[in-house]
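Visitor: sequence first, predicted coordinates after that:
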Amino acid sequence: MLALLTLLFASFGFYKDLGVPLAVGMAVMLILGLTLLPALLALLGTKAFWPAKIASGQQREGTWGRVAARLVRRPGWTLGLGLVVFLALAAGAFGYSSSGFGGATNAPTGSDAAAGNAALAKHFPQTTSNPSNLVFAYSSPVWEDPTEVSTAQASLRASGRFTALAGPFNGSGSTLTPAQYSELHARLGPPNRLSIIEPAGLNVPAATYGAYRASAQFVSSDGRIIQFEASLVSGSQQSTAAMKATPTIRQVVTQAAQTSGATSSGVAGQAAASYDISTTANHDLKLIIPIAIVAIGIVLALVLRSLVAPLYLIVSVVISYLAALGVATILFIDIAGESGISFFLPFLMFIFLLALGEDYNILVMTRIREEAHTLPLRDAVVKAVARTGTTITSAGIILGGTFAVLAATAGSGAQSSQLRAIGVGLAVGILMDTFLVRTLLVPATVIILGRWNWWPSAMSRGGESRTPTESAEPRRSGEGASAAPRPSQAQS
């Protein structure tokens, strides 16, 4: 809930609006888990686990118990090899690049919309249904000094960044000169008041009349704000290339504004909006990550009564997050050749890997701490991993499998590619975190640090727990919890 509530610090409305509803959802699940579920289990008894047979008695260590027993023998090798692999994968994250929102959505073949789009492309090649809007503001109406607009248009054309440029003087396909525009305004009045059919007796050529009337969509009613509708050389408005070209387009527009004497200027349209959203989202991520880390670090310190354990537990989540992002970057940008990955992927990965990773950390570490009260630390790690390993991996498989299904059923096309990247990135990140970080690297770190895991609590001084043993095997059934440690154990 804390991780989700940190979204309230975001400036991107989509992120900010998710914080409270998702945190409330987690709170409801928490309440149900502490009230309804125990009540149902009490009513159903062992029948709740049918067809498995549940009997009281000693639990078997199982697969994770055997894995943990081997882990504690060489924790340094486990941690060192894991760090090398994860840091190598994390290096791939440096190649991450945000993409647009998945490309154009084409109408189904044979539909009326597809036929309409084909007709537009054939009969109106100079128009576009999704242009980039280049906006300029001037201190005086355009009809008083139309040369300002022609100067801006010439500057835009000279940049070489546009394949088509429609504006006040060529909105209908026919071109007007600045002098003609001023003359027509004086003669006909504002273009937005003209009728579709030219009134009799005006003696204005039909093409000229149509061109002047069409200028209404490019000139404001007071004549001080004008716009050009442009098609970009970099690609369609839905493309990642057009989104990434936005800073350059804005520089071109600013230069045209300065050349023509405009008081201000700007770029609008889908590509510009995508760029601003992506930039804002990435900025929010850099802001939210430290806040969430501090908040969760405080919770870990309180739960574990330690200032040391939260440090490496948070580092483990960050490394896991960067490694998963690196895998997605390598697969979809370096190998598949995509121009970028949806800006939404790092956000989703952060939420799931940070929140769930720390949930799993709490599950493992609190069990280790509990067992360490009566067992040597190595034995406590073996028993804790044996007890929690199945729970963690089962939860990880369920969640990771859900996102793997999203990747497998994404279909084809640019938008589907973005969904596939999100599904693969999240699935890989969750599974790596589940099977490698929580159940291998974190326990290995616990063994290496020994009693320092619990500093500054009394356990770090041996006041609440047994000290580490040299044995890597779990305690045999004949050894009681109250047996005194060997001298070498007490010294260590």
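Guide: In hand now; what should we look at?
Visitor: for L165, helix, strand, or coil?
Guide: strand (DSSP: H, G, I helix; E, B strand; the rest coil).
Visitor: any idea how far it is from L5?
Guide: Separation of L165 from L5 (Cβ to Cβ, to the nearest Å): 47 Å. For the C-beta atoms, the positions are set from N, CA and C on the backbone; glycine is no exception.
Visitor: and what of T248?
Guide: Between T248 and L5 the computed distance is 38 Å (Cβ to Cβ).
Visitor: and the two? Which one has more around it.
Guide: Applying other Cβ atoms under 10 Å to T248 and L5 shows that L5 carries more neighbours, namely 17 against 13.
Visitor: contacts only, for the more buried one.
Guide: Applying Cβ atoms under 8 Å, 6 or more residues apart in numbering to L5 gives the contacts 19-20, 23.
Visitor: redo that, cut-off 7 Å
Guide: Residues in contact with L5 (Cβ atoms under 7 Å, 6 or more residues apart in numbering) are 19, 23.
Visitor: ok, now V233?
Guide: V233 neighbours (Cβ under 7 Å, 6+ apart): 161-163.
Visitor: mark which of those are buried, thanks.
Guide: Buried subset of the contacts of V233 (neighbour count, 16 or more other Cβ atoms under 10 Å): 161-162.
Visitor: JSON lines for the contacts of V233, including pLDDT and distance to V317?
Guide: As requested, those are exported to JSON lines (pLDDT from 0 to 100; distance: Cβ to Cβ, whole Å):
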{"residue": "R161", "pLDDT": "94", "distance to V317": "43"}
{"residue": "F162", "pLDDT": "93", "distance to V317": "46"}
{"residue": "T163", "pLDDT": "90", "distance to V317": "46"}
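Visitor: out of the contacts of V233, who's nearest R378?
Guide: Of all those, R378 sits closest to R161, with 65.3 Å by Cβ to Cβ.
Visitor: out of everything not next to it in sequence, what's closest to L436?
Guide: Among residues not flanking L436 along the chain, G82 sits closest, at 6.4 Å (Cβ to Cβ, 6 or more residues apart in numbering).
Visitor: what about that neighbour, how many residues nearby?
Guide: 19.
Visitor: is it true that V135 lies in a strand?
Guide: Yes. The assignment for V135 (three-state DSSP) places it in a strand.
Visitor: hey, what's it bridged with?
Guide: Q227, G266 (DSSP bridges).
Visitor: how close does it get to L188?
Guide: Remark: distance between V135 and L188 (Cβ to Cβ) = 25 Å.
Visitor: next one: A328
Guide: Taking Cβ to Cβ, one finds A328 at 58 Å from L188.
Visitor: who has more neighbours, these two?
Guide: A328 (26 against 17).
Visitor: nearest residue to that one in space, please, no chain neighbours.
Guide: Spatial nearest neighbour of A328, excluding adjacent residues (Cβ to Cβ, 6+ apart): G425 at 3.6 Å.
Visitor: count of neighbours near that neighbour?
Guide: Neighbours around G425, by other Cβ under 10 Å: 27.
Visitor: tell me if it really is in a helix.
Guide: Yes. Checked against three-state DSSP, G425 lies within a helix.
Visitor: residues in contact with it?
Guide: Residues in contact with G425 (Cβ under 7 Å, 6+ apart) are 324-325, 328, 345, 349.
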